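Undergrad: need a structure here:
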Amino acid sequence: MVSLSLLGAILAGLLGLATPADAHEVRPGYFELNEAEPGTFEVFWKQPRRGALLLVLDPVLPEHCTETVRHPPEHLAGALVERWTVECQAADGDPDRMFHGETFGIDGLERTLTDVLLRISFTNGDSLTQLLRPEEPSVTVDREAAGNAWPYFRLGVEHLVFGVDHILFVIGLLFYVRDPWRLVGVITSFTLAHSITLALSSLDVVKISPAPVEAVIALSILFLAVELLRPEDQRSPITTKSPWLIAFAFGLLHGFGFAGALAEIGLPQRAIALALFLFNVGVEVGQLLVVAVVLALLALVKRVGIVVPELVVRAPIYATGIISAFWFVERMGRIVV
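TA: Predicted coordinates for the structure are as follows:
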């Protein structure tokens, strides 16, 4: 009973953090410079917004860049997008070392909790990817690091760890399958499934609109909550006998959700496979971290003989069902409107 109580407490904590606006993921900003011709860069700047709230963030370019054209800003769902063109000169006069040793940054980022992915692409095929964070709001360019895709690993970890709906689903599986070896099989099935759809969607082999995907992800959490509230002898036969199959089916949907997050960021054209792999590995590491923390807490309190009323244990499951049902209705509303 203590184990279920602890899982319930963890669920309750996650539900306290969950809101319709941030239930799915933490969306980073995106700052891209694409060299259209030598010395001429098309700048793309997307900063996240929540409702009418817009962060005061300003991209900072090297002093050798001069703005020539600016397009009207676009107000998209959840983001403000700006595009402009700049003419830049290499500080040492060598175009193949454009921006080397120079600094890019985001003014105001240190006052937020938002990350910004910076990507610079050059006409010679080189590209550079860096992750700017509140504690490191600027970066000095190293052209020798062109093609670096490691920031995608970190983004993958953060997407899972801060994606409350994905965490609720994983913890729901822990509720449902309490045999350790069977749990390993179920988690592996979930992992394999979302790895497949993440790759297929990110490589444009299969494309699905993100709105219905997010709605069905909410439905998958609701399904688990309903099953958990039923007596074990009244649960669906397929979930009782083959929980790995349910995990696999819903894992395919969650993979499309992960791909939607990756699409928000974009992939470096010269390192698509590596960036995709690192993002996927980051998601897996985030998932394993969640499972490891929960299992470690369960092991820690296993010896404690606290008797908790059944109602207290089941309350977070009811709350999970209510929240996921709300998410489902809200996300379906986005499709209809």
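
Undergrad: Return the distance of Leu118 relative to Glu136.
TA: 11 Å (CB to CB, to the nearest Å). In short, each C-beta sits where N, CA and C put it, glycine included.

Undergrad: and the two? which has more neighbours close in?
TA: The neighbour count for Leu118 versus Glu136, taken as other CB atoms under 10 Å, is higher for Leu118 (22 against 13).

Undergrad: hang on, that one in a strand?
TA: Yes: counting by DSSP: H, G, I helix; E, B strand; the rest coil, Leu118 is part of a strand.

Undergrad: got any ranges where the stretch 201-337 of the chain has weak pLDDT?
TA: By pLDDT under 70, the weakly predicted segments of the stretch 201-337 of the chain are 263-271, 301, 305-313, 337.

Undergrad: What is the end-to-end distance of stretch 130-150?
TA: 8 Å (CA to CA, to the nearest Å).

Undergrad: If you average the pLDDT over that stretch, what comes out?
TA: Across stretch 130-150, the average pLDDT comes to 78.

Undergrad: ok, now which ones touch Glu87?
TA: With contact taken as CB atoms under 8 Å, 6 or more residues apart in numbering, Glu87 is in contact with 39-41, 65-66, 68.

Undergrad: Just say helix, strand or coil for it.
TA: Classified using three-state DSSP, Glu87 is strand.

Undergrad: Bridged to it, which residues?
TA: When bridges are called by DSSP bridges, Glu87 pairs up with Thr40, Thr66.

Undergrad: Arg133 too?
TA: Glu136.

Undergrad: Now do the contacts for it.
TA: 109, 115-116.

Undergrad: Please apply the same query to Arg334.
TA: Arg334 sits in contact with 211, 215, where contact means CB under 8 Å, 6+ apart.

Undergrad: Could you pull up phi and psi at it?
TA: phi -70, psi -30 (degrees, to the nearest 10).

Undergrad: what do you get for Val216?
TA: Dihedral angles (degrees, to the nearest 10) for Val216: phi -70, psi -30.

Undergrad: Quick one: residues in contact with the host helix or strand of Trp45.
TA: Using DSSP states H and E, Trp45 maps to strand 40-50. In this structure, residues lying in contact with strand 40-50 by CB under 8 Å, 6+ apart are 21-22, 27-36, 54-55, 57, 59, 61, 65, 78-88, 114, 116.
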